[in-house]
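K.L.:
need coordinates for the below:
(one chain, ligands or ions: 2)
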Amino acid sequence: MSFYVFNSLGKEKEEFIPVRENYVGLYTCGPTVYNYAHIGNLRTYIFEDILKKSFEYINYEVNHVMNITDVGHLQSDADTGEDKMELGAKRENKTVWEIAKYYEDAFFDDCNKLNIERPAVVCRATEHIKEMIELVQLLEKKGYTYISNGNVYFEIDKFKDYNKLANLSMEELEAGSRVEVDENKKNPLDFVLWFTNSKFKNQIMQWDSPWGRGFPGWHLECSAMSIKYLGERIDIHCGGIDHIPVHHTNEIAQSEAALGHKWVNYWMHGEFLVVDGGKMSKSSGDFLTLARLIEEGFKPLEYRFFCLQSRYRKQLMFSFDALRDAGVALKKLKSKIASIKESADGSETINANKIEAYRQKFAEQLSDDLNTPNAFTVLSDVMKDDELNSKEKIFLIEDFDNVFSLDLLKEEVAEMPVVDEKLINDLIAERNEARNKKDWAKADEIRNRLSEMNIELVDTKESVTWKIK
Ligand code: AMP
Ligand code: ZN
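P.N.:
Ligands and ions are numbered 1, 2, ... in the order given. Prediction:
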């Protein structure tokens, strides 16, 4: 079956032709681990997860590689501002290494909750400094670099196709780098390959290099690690659309300059999740996390379902109301599925032709540049089809859920409220002390606080115990 993808390179829907038969080398830009991922970031990772699972659905082997940015990413993608990891460390009074570990774990925890499968290879920038240095050396040998104020820069005027991905006017391309110009650059669009410590004197993450102690520029890691794990010709590279004009444009320039040939065949970019017309940004600190959605009473998979209701190349407007509607729709869907499951009686047999026809329809929608809304229409056609018996329906639902990953056949388990026993016992001890001192106001205040936590106190003659209301 042909698979069509919208290629940002050329801006057209194209038939996917793999480098190697039945195999997809897939690279997706991963998180910068200095803060929690916001739900906008997570939308992009959900799109990439569906992309991988759609290829697997039609029997491709997918080798999925994702980086973890734990060094080198400055506030602006164009080499200015402070180092993001250092900012995180200062904010939380921790070391950069602790910050990286904490937020990487938090990221994968979110992914687990959203049924986003872990990529086959997860590679950290700090563990690939050697590969990055070698890439800079190669670029230096080929004459694409210059040194200014101790830092090594890529000279974009030496690379003739610099603008081929973004296809913007020079003015538009320069807009991002004009905010704060790095005076060391020959062209404001040149970018750093290696910062020596002339950039940040007290940088903790530093390594020796032929140009002096320092650290790599952000774009370098994706080129070095993708080539290491996927080879010199890569099928698909993904990220959010914000990466087109700077990060991915620079990745292409340095990779193709080093390799001397085309590097990635298909570039796929997810549109943004927006709130009230604005973009959600990690650096502003004002963003919604998955944990916040859970606090508000939503289930992670309701957010996944919400994302899959629209196409990845369309901007998606987030609101709690819209998420609530998606949650209700998912519950309805699951309850209909549960009743189909109940009605299945063991004697039914499966008609392979009918199954295959529906599998084909489902695959056609996914292969149409991931038309997930239409894939849900195929699911609902299956559920309504009187010519399918319950067993066949359940088979297909389970099969489609290999891609949707919404736990469609899993029963809802009533959640037990989480109680912090130590806190409750401490509060009770504090209340006993207040009562001994005849401080009735404080004792009542503590009882009310426990009541808000759904805890009811049971006063007996001998002691005070508690129960969940
Ligand atoms: P970062 O951790 O900031 O490097 O971003 C991780 C991924 O999320 C990248 O692929 C970004 O392009 C993407 N991204 C950033 N903001 C949004 C947003 N509001 N909606 C969707 N994707 C986003
Ligand atoms: Zn990248």
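K.L.:
so for the longest helix belonging to the chain, mean pLDDT?
P.N.:
Counting residues, the longest helix found in the chain (DSSP state H) is helix 320-343. The average of the pLDDT scores along helix 320-343 is 96.
K.L.:
which strands or helices does that helix pack on?
P.N.:
Contacting helix 320-343 under the criterion 3 or more Cβ pairs under 8 Å, 6 or more residues apart in numbering; DSSP states H and E are the following elements: helix 300-308, helix 372-384, helix 390-404. Using the backbone N, CA and C atoms, a C-beta is placed for each residue, glycine as well.
K.L.:
got the angle for the second one vs helix 390-404?
P.N.:
In terms of direction (axes from the mean of the first three to the mean of the last three Cα atoms, to 10 degrees), helix 372-384 departs from helix 390-404 by 170 degrees.
K.L.:
and helix 372-384, how far from the chain's centre?
P.N.:
Computed by Cα atoms, centre = their mean, to the nearest Å, the chain-centroid distance of helix 372-384 equals 26 Å.
K.L.:
thinking again about what came up before, how far is the longest helix of the chain from where the chain is centred?
P.N.:
25 Å.
K.L.:
run the angle between it and helix 372-384 for me.
P.N.:
Going by the same axes, to 10 degrees, helix 320-343 makes 30 degrees with helix 372-384.
K.L.:
sorry, back to before: for the helices and strands packed on helix 320-343, give me JSON lines that also has distance to ligand 2.
P.N.:
Below are the helices and strands packed on helix 320-343 laid out as JSON lines (distance: least, Cβ to the ion, whole Å):
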{"stretch": "helix 300-308", "distance to ligand 2": "21"}
{"stretch": "helix 372-384", "distance to ligand 2": "24"}
{"stretch": "helix 390-404", "distance to ligand 2": "25"}
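K.L.:
what's the local residue count around R91?
P.N.:
The tally of other residues near R91 (other Cβ atoms under 10 Å) stands at 12.
K.L.:
go on, D420?
P.N.:
The burial count for D420: 11, using other Cβ under 10 Å.
K.L.:
same deal with P245?
P.N.:
P245, neighbours per other Cβ under 10 Å, totals 23.
K.L.:
next, give phi and psi for it.
P.N.:
Main-chain torsions, P245, degrees, to the nearest 10: phi -70, psi -20.
K.L.:
so which of the helices and strands packed on helix 320-343 is the most surrounded?
P.N.:
helix 300-308 (a mean of 23; mean count of other Cβ atoms under 10 Å).
K.L.:
other SSEs contacting it?
P.N.:
So helix 300-308, by 3+ Cβ pairs under 8 Å, 6+ apart, packs with helix 39-57, helix 290-295, helix 320-343, helix 372-384.
K.L.:
does that helix reach ligand 1?
P.N.:
No. Figure legend: helix 300-308 not in contact with ligand 1 (Cβ under 6 Å from any ligand atom); closest approach 9.6 Å.
K.L.:
before we move on, what about stretch 36-50?
P.N.:
Yes. Against ligand 1, stretch 36-50 shows contacts by Cβ under 6 Å from any ligand atom at 40-41, 43-44.
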